[in-house]
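K.L.:
how would this look folded up:
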Amino acid sequence: MSLNWREIDRVLGELDLVGAQVQKVTQPSYDTLVLSLYKPGRATELLVCVAHGACRIHATRMPVPKSEKPQRFMELLRAQVRGARIESIGQLGSERIVKIVVGRDEGERILWARLWSGAANLILTTPDGRIVDALARKPSKGELAGGRYAPEAGGPPPREFAVRELPGEGGFNERVDAYYAEHGSELSRRALLARAEKWFAQRKEALESRRAALAEAAAGYSDPERFRELGDILMASQHLQPEGSFIRAEDFFRGGTVAIGVDPRKSVVENARELYEKARKARSGAGETAAEAAENERAIEALEREREALLAEENPYAIRLFLSRRRNAAAEGPKRFPGLSLETDGWLVLIGRSAAENDALLRRHVRGSDTWMHARDYAGAYVFVKARPGKTVPLPVLLDAGMLALYYSKGRSAGAGDLYYTQAKYLKRVKDGPKGLVIPMQEKNLRVRIDEARMRELRRLIGRDAD
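P.N.:
The predicted model follows:
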């Protein structure tokens with residue numbers, strides 16, 4: 001619950017803040033503000049929180065982390081009150097409205113903290129009540145820049161409240177700080193850790209699911225040599241006729257007879273070639289799957305270490321920052337581009353995997369100075385490297401883009417191939433041709449080889465749609 005008016009009086013009565021200089025303003029989250037105040041011989045971190053169910057003002061000893069990005073209201077206070085001194089601070093009667101008067105050479109500013117659950121706000125005004133800005137802009141109440149806010153004490157007789165006997169040691173401010181750190185509604189350490197546990201469980205479930213999928217894939221790649229043997233048996237048994245979808249032949253590698261699955265619509269030679277291709281893929285896939293499985297195991301171990309460290313964290317603001325970072329990273333907004341995209345070394349790369357995606361990129365997302373790449377002699381992806389003013393695409397980025405163009409083409413199985421590239425302005429559409437078809441001019445050639453380790457990293461940067 002929020003502090004009542006008697007508790008606010010008790011908090012302010014313990015603090016000696018008149019004359020203190022505002023040295024720093026921190027806004028660790030949207031609803032929490034911390035003023036770092038200094039008076040000779042005493043430094044105070046004054047926390048003001050307007051979160052529903054946890055509205056309060058008190059000194060805090062908890063280290064308050066910086067926000068991920070500058071908050072609008074924090075930047076305003078840094079410009080308007082940082083470096084100034086507190087002229088007065090007090091509550092308006094029993095209104096749960098704290099008035100903080102801050103003096104500056106160019107004039108006073110008043111920071112109002114209205115600590116009403118459900119209608120809390122922080123408002124900065126000039127002495128005559130003109131609003132400079134508010135933490136939560138509320139046009140319907142006139143609480144926005146240019147409006148007026150100048151509340152006065154008065155109104156109906158105050159409701160009687162008692163000051164709670166909070167557990168712990170030290171003064172009332174210290175006990176309030178400790179209480180809200182552990183019990184302060186959804187912002188308490190307990191509630192935040194419950195949310196963190198849920199995040200860890202979801203993340204671990206995803207990694208465990210990937211572990212199972214990799215184990216299944218590894219099982220399919222466990223004996224690549226057998227595919228080659230079966231191909232050789234078919235090549236040596238071209239006189240045999242399939243029995244439905246099988247050919248029974250002598251197994252001169254492992255003894256006895258073997259039933260080899262085949263496509264009866266294809267010749268024996270064609271079926272043998274498919275088995276040789278499976279053998280090649282199994283050999284390369286086994287190494288790639290093993291590497292990814294090892295990486296997945298490291299991720300599971302790192303996740304558990306991170307969980308243990310967070311469970312030992314006493315500071316709720318640090319836990320809240322952790323959750324904020326994970327929420328922002330996982331949030332999925334609308335896709336910015338058709339197809340796939342990633343960023344490597346600060347360069348944005350776009351990948352169209354189909355004629356429709358290639359065409360959409362060409363029509364709406366590409367400029368003339370962007371670099372276009374395409375596998376030579378193979379159907380497949382258009383890959384674009386978005387241009388940066390005054391910069392030339394570095395060779396490592398060009399090679400990454402070329403590898404992606406080959407990987408998302410019919411030439412993937414070759415492992416290496418030629419590409420041509422040019423600027424998008426040198427692409428000429430084929431009149432009445434298929435969607436996305438272009439003829440490049442002033443193109444250059446680039447030879448690339450698919451590096452499996454680098455390709456795994458590029459697919460990780462793309463995300464879950466990489467396949």
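
K.L.:
The host helix or strand of residue 13: which residues count as buried?
P.N.:
According to DSSP states H and E, residue 13 maps onto helix 5-14. Buried residues in helix 5-14, counted by 16 or more other Cβ atoms under 10 Å: 5-12. In this view, the C-beta of every residue, glycine as well, is placed from N, C-alpha and C.

K.L.:
between the residues you listed, which is nearest residue 198?
P.N.:
residue 7 (32.0 Å; Cβ to Cβ).

K.L.:
which ones are touching the closest one?
P.N.:
With contact taken as Cβ atoms under 8 Å, 6 or more residues apart in numbering, residue 7 is in contact with 161, 163-164, 172, 176.

K.L.:
remind me, longest helix of this protein?
P.N.:
Scanning the chain for the longest helix, with DSSP state H as the assignment, gives helix 268-311.

K.L.:
Quick check: buried residues in the following helix or strand past that one?
P.N.:
Downstream of helix 268-311, the next assigned helix or strand under DSSP H and E is helix 316-330. By neighbour count with 16+ other Cβ under 10 Å, helix 316-330 contains the buried residues 316-324, 326.

K.L.:
partner strands of the following helix or strand past helix 316-330, parallel or antiparallel?
P.N.:
Under the assignment DSSP H and E, the closest C-terminal helix or strand after helix 316-330 is strand 340-344. Here strand 340-344 has these sheet partners by DSSP bridges: strand 347-352 (antiparallel).

K.L.:
Which residue comes closest to residue 352 once chain neighbours are left out?
P.N.:
Closest residue to residue 352 apart from its sequence neighbours, by Cβ to Cβ, 6 or more residues apart in numbering: residue 358 at 3.7 Å.

K.L.:
ranges for the helices of the stretch 151-300 of the chain?
P.N.:
172-183, 189-220, 224-235, 268-311 (DSSP state H, counting those that start in this stretch).

K.L.:
To residue 16, which of those helices lies closest?
P.N.:
Nearest of those to residue 16, taken as Cβ to Cβ: helix 172-183 at 11.5 Å.

K.L.:
Could you tell me how far that closest one lies from the centre of the chain?
P.N.:
Counting by Cα atoms, centre = their mean, to the nearest Å, helix 172-183 is centred 32 Å from the centre of its parent chain.

K.L.:
report the angle between the axes of that helix and helix 189-220?
P.N.:
If you take axes from the mean of the first three to the mean of the last three Cα atoms, to 10 degrees, helix 172-183 sits at 30 degrees to helix 189-220.

K.L.:
and residue 125, what are its bridge partners?
P.N.:
Under DSSP bridges, the beta-bridge partners of residue 125 are residue 110, residue 131.

K.L.:
Check whether residue 344 really touches residue 400, as I assumed.
P.N.:
Yes - because the distance of 5.5 Å satisfies Cβ atoms under 8 Å, residue 344 is recorded as touching residue 400.

K.L.:
List the residues that are in contact with both of the two.
P.N.:
residue 458.

K.L.:
more crowded one of those two?
P.N.:
Neighbour count, other Cβ atoms under 10 Å: between residue 344 and residue 400, residue 400 has more, with 25 against 17.

K.L.:
What residues does that one make contact with?
P.N.:
Going by Cβ under 8 Å, 6+ apart, residue 400 touches 344, 349, 454, 458.

K.L.:
and which of those is nearest to residue 421?
P.N.:
residue 349 (12.5 Å).

K.L.:
The closest one and residue 342 touch, don't they?
P.N.:
Yes - counting by Cβ under 8 Å, residue 349 does reach residue 342; the two are 5.5 Å apart.

K.L.:
who's more crowded, the two?
P.N.:
Neighbour count, other Cβ under 10 Å: between residue 349 and residue 342, residue 349 has more, with 24 against 20.

K.L.:
where's the more buried one relative to residue 79, distance?
P.N.:
39 Å (Cβ to Cβ, to the nearest Å).

K.L.:
Residue 391 now?
P.N.:
From residue 391 over to residue 79 the distance is 34 Å, taken as Cβ to Cβ.

K.L.:
what sits against residue 140?
P.N.:
Counting by Cβ under 8 Å, 6+ apart, residue 140 has no contacts.

K.L.:
Can I take it that it is in a helix?
P.N.:
Yes - under DSSP: H, G, I helix; E, B strand; the rest coil, residue 140 sits within a helix.

K.L.:
From residue 119, how far out is it?
P.N.:
12 Å.

K.L.:
Also residue 149?
P.N.:
13 Å.

K.L.:
so where's the chain shaky on pLDDT?
P.N.:
Within the chain, the stretches with pLDDT under 70 are 67-68, 104-106, 155-156, 183-187, 327-336, 464-467.

K.L.:
now with 50?
P.N.:
329-334 (pLDDT under 50).

K.L.:
Give me the domain ranges for it.
P.N.:
As assigned by automatic domain parsing, the chain contains the domains 5-185, 191-330, 340-462.

K.L.:
OK, contacts around the closest residue to residue 169 other than its chain neighbours?
P.N.:
Nearest residue to residue 169, sequence neighbours excluded (Cβ to Cβ, 6+ apart): residue 175, at 7.6 Å. Going by Cβ under 8 Å, 6+ apart, residue 175 touches 166-169.

K.L.:
and the angle for the helix or strand harbouring residue 406 with strand 347-352?
P.N.:
Per DSSP H and E: residue 406 is located in helix 395-407. On the basis of the same axes, to 10 degrees, helix 395-407 is oriented at 10 degrees to strand 347-352.

K.L.:
which one of residue 149 and residue 119 has more residues nearby?
P.N.:
Per other Cβ under 10 Å, whichever of residue 149 and residue 119 has more neighbours is residue 149, with 20 against 13.

K.L.:
from what I can see that one touches residue 114, true?
P.N.:
No - contact criterion Cβ under 8 Å: residue 149 and residue 114 do not qualify, at 9.0 Å.

K.L.:
Common neighbours of those two, please.
P.N.:
Contacts common to residue 149 and residue 114, judged by Cβ under 8 Å, 6+ apart, are residue 123.

K.L.:
Residue 273: what's it in contact with?
P.N.:
Contacts of residue 273 (Cβ under 8 Å, 6+ apart): residue 231.

K.L.:
Apologies, that question was intended for residue 24.
P.N.:
Contacts for residue 24 (Cβ under 8 Å, 6+ apart) come out as 35-36, 82.

K.L.:
export the host helix or strand of it as CSV, just CAs?
P.N.:
Element membership for residue 24, per DSSP H and E: strand 21-29. Presented in CSV, the C-alpha positions along strand 21-29 are these (Å, rounded to 0.1, in the frame of the first residue of the first chain):
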residue,chain,number,x,y,z
GLN,A,21,21.9,20.9,-3.7
VAL,A,22,20.4,18.8,-6.4
GLN,A,23,23.5,17.1,-7.8
LYS,A,24,22.0,14.3,-9.9
VAL,A,25,18.6,13.2,-11.2
THR,A,26,18.0,9.5,-12.0
GLN,A,27,14.8,7.9,-13.3
PRO,A,28,15.4,4.1,-13.1
SER,A,29,11.9,3.5,-14.4
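
K.L.:
The helix or strand just after it vs strand 21-29, what angle?
P.N.:
Remark: after strand 21-29, the chain's next helix or strand is strand 32-39, criterion DSSP H and E. For strand 32-39 against strand 21-29, the angle by the same axes, to 10 degrees is 160 degrees.
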